[in-house]
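> Sequence and predicted model, in that order:
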Protein chains: 2
Amino acid sequence: MQITQYTDYALRVLIYLGACPERRVTIKEVAETFDISRSHVMKIVNQLVSLGFVEGTRGKGGGLRLNRAPAAIGVGEVVRLMEPGFDLVDCFRAESGCLLSSGCRLKGALHTALQAFLAALDEVTLADLIVNQPRLRNMLGVIALNPSP
Amino acid sequence: MQITQYTDYALRVLIYLGACPERRVTIKEVAETFDISRSHVMKIVNQLVSLGFVEGTRGKGGGLRLNRAPAAIGVGEVVRLMEPGFDLVDCFRAESGCLLSSGCRLKGALHTALQAFLAALDEVTLADLIVNQPRLRNMLGVIALNPSP
DNA sequence: CACGAAGATGCATTTTAAGTGTATCTTTTA
DNA sequence: TAAAAGATACACTTAAAATGCATCTTCGTG
């Protein structure tokens, strides 16, 4: 059981932006800091922008910035919106055709468990993830602290 | 977010066996009923046997049978043991090297959520999944009801 | 106003974990 | 002793995720 890197990095991008609220952060910088491909960061950021979590400005001096207060960004919300699918098992899908579907209660049990998972994440906001801002900034290291010369 | 078919079918095999307690069920029969590869069912069953959930007997007239009472088989237990990994995101892995690791609380939040997910499944046993045994048997259909001629 | 820095978009390719296929061995009963 | 069943091992395929590349748009600055 795992979550896609897509969602994982969406959260990390938000953490990064939350840790550097005083300036705009570029996609290049994020990709290099986390050592993943720019394309992937692009896709993630694009969705974060279109969902209203992040504001992206183009052109020289542009970059990314949070578009909401960290305390107003729920981790559960982000995961729900970014993760491509929550069809835990085959029988969650309409066309599954599992012979057991209407007789068994597995689907219901897994659905309840999934709700419990997401509810736990709903208790946490981005603000909770970045309480120790100085430390985070320190971990982000050279790149984050020395943008472009 | 999803669970592997491996775990999904492990549960379905147990449901199948729980629905047909009066006889031995062959791997061939399970594979054909669920329309998946024999190899995959093999691997799943082998693990279920080695974990003590199922008893497999070889030779003519052999097959599979539950090795514990359905009420003594927890869904959470099965999922924990069968699912290959619960490293929800990169930073769960020791060698991840995520720069944020020690400063951020994402890992903790996801871990808590995962525990909530599994705890919800711990509330359910195989017996709960097969309460409507006659209906299940009916759904399993021709193959299950007419083993080999 | 042109150039360069940034994000936006789209598509093709690569990677990798999950699932499948095939072969061979072992056990059991008729 | 032959056929039916599970056990084991390894090679192959598939599909989703991630990456790479090309091109377009927007914006600020000299």
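Alright, I've got the coordinates.

> Which stretches in chain A count as helices?
Using DSSP state H, the helices of chain A run over A:5-19, A:27-34, A:38-50, A:75-82, A:106-122, A:126-129, A:133-145.

> So is the first one next to DNA strand D?
Yes: judged by C-beta under 7 Å from any atom of the strand, helix A:5-19 comes into contact with DNA strand D at A:5-6, A:8. Every residue, glycine included, has its C-beta placed from N, CA and C.

> and the residues you listed, which are buried?
In the residues of helix A:5-19 next to DNA strand D, burial by neighbour count holds for residue A:8, counting by 16 or more other C-beta atoms under 10 Å in any protein chain shown.

> Check the residues of helix A:5-19 next to DNA strand D against chain B and report the nearest one.
Nearest to chain B among the residues of helix A:5-19 next to DNA strand D: residue A:8, at 4.1 Å, using C-beta to the nearest C-beta.

> which residue sits closest to the closest one, ignoring its sequence neighbours?
Distance criterion C-beta to C-beta, 6 or more residues apart in numbering or on different chains; nearest residue to residue A:8, sequence neighbours excluded, is residue B:89 at 4.1 Å.

> so how many other residues sit close to the nearest residue to residue A:48 once chain neighbours are set aside?
Nearest residue to residue A:48, sequence neighbours excluded (C-beta to C-beta, 6+ apart): residue A:54, at 4.2 Å. For residue A:54, the neighbour count with other C-beta atoms under 10 Å in any protein chain shown is 23.

> show me what contacts residue A:54?
Contacts for residue A:54 (C-beta atoms under 8 Å, 6 or more residues apart in numbering or on different chains) come out as A:13-14, A:17, A:45, A:48, A:64-67.

> related to what we said a few turns ago, now mean pLDDT and distance to residue B:126 too, for the helices of chain A, in TSV please.
Shown next, in TSV, are those (pLDDT from 0 to 100; distance: least, C-beta to C-beta, whole Å):
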stretch	mean pLDDT	distance to residue B:126
helix A:5-19	96	32
helix A:27-34	94	42
helix A:38-50	97	40
helix A:75-82	98	30
helix A:106-122	97	10
helix A:126-129	96	38
helix A:133-145	71	45
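
> any idea how far the residue sitting furthest away from the middle of chain A lies from DNA strand C?
What lies farthest from the middle of chain A is residue A:103; by C-alpha atoms, centre = their mean that is 36.6 Å. For residue A:103, the distance to DNA strand C equals 22 Å [C-beta to the nearest atom of the strand, to the nearest Å].

> Tell me who's in contact with that residue.
Under the criterion of C-beta under 8 Å, 6+ apart, the neighbours of residue A:103 are B:132, B:135-136, B:138-139.

> could you flag which of those residues are buried?
Buried by 16+ other C-beta under 10 Å: B:136, B:139, out of the contacts of residue A:103.

> could you dump the contacts of residue A:103 to CSV with distance to chain A?
Listed next are the contacts of residue A:103 as CSV, based on distance: C-beta to the nearest C-beta, whole Å:
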residue, distance to chain A
B:132, 6
B:135, 4
B:136, 4
B:138, 7
B:139, 5
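
> Closest one to residue A:38 out of the contacts of residue A:103, please.
Of all these, residue A:38 sits closest to residue B:139, with 49.6 Å by C-beta to C-beta.

> Hmm, the closest one is touching residue A:91, no?
No: using C-beta atoms under 8 Å, residue B:139 is not in contact with residue A:91, being 11.9 Å away.

> who touches both of these two?
Common neighbours of residue B:139 and residue A:91 (C-beta under 8 Å, 6+ apart) are A:100-101.

> from memory residue A:6 sits against residue A:41, does it?
No: the criterion here is C-beta under 8 Å, and residue A:6 misses it with residue A:41 at 10.2 Å.

> still on that earlier bit, quick check: of the residues of helix A:5-19 next to DNA strand D, which lies closest to DNA strand C?
Among the residues of helix A:5-19 next to DNA strand D, residue A:5 lies closest to DNA strand C (C-beta to the nearest atom of the strand), at 10.9 Å.

> Apart from its neighbours in sequence, what residue is nearest the closest one?
Distances taken as C-beta to C-beta, 6+ apart place residue B:90 nearest to residue A:5, at 6.8 Å, with adjacent residues excluded.

> hang on, the earlier thing: could you export the contacts of residue A:103 as a markdown table, including distance to DNA strand D?
Formatted as a markdown table, the contacts of residue A:103 follow (distance: C-beta to the nearest atom of the strand, whole Å):
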| residue | distance to DNA strand D |
| --- | --- |
| B:132 | 25 |
| B:135 | 24 |
| B:136 | 19 |
| B:138 | 22 |
| B:139 | 21 |
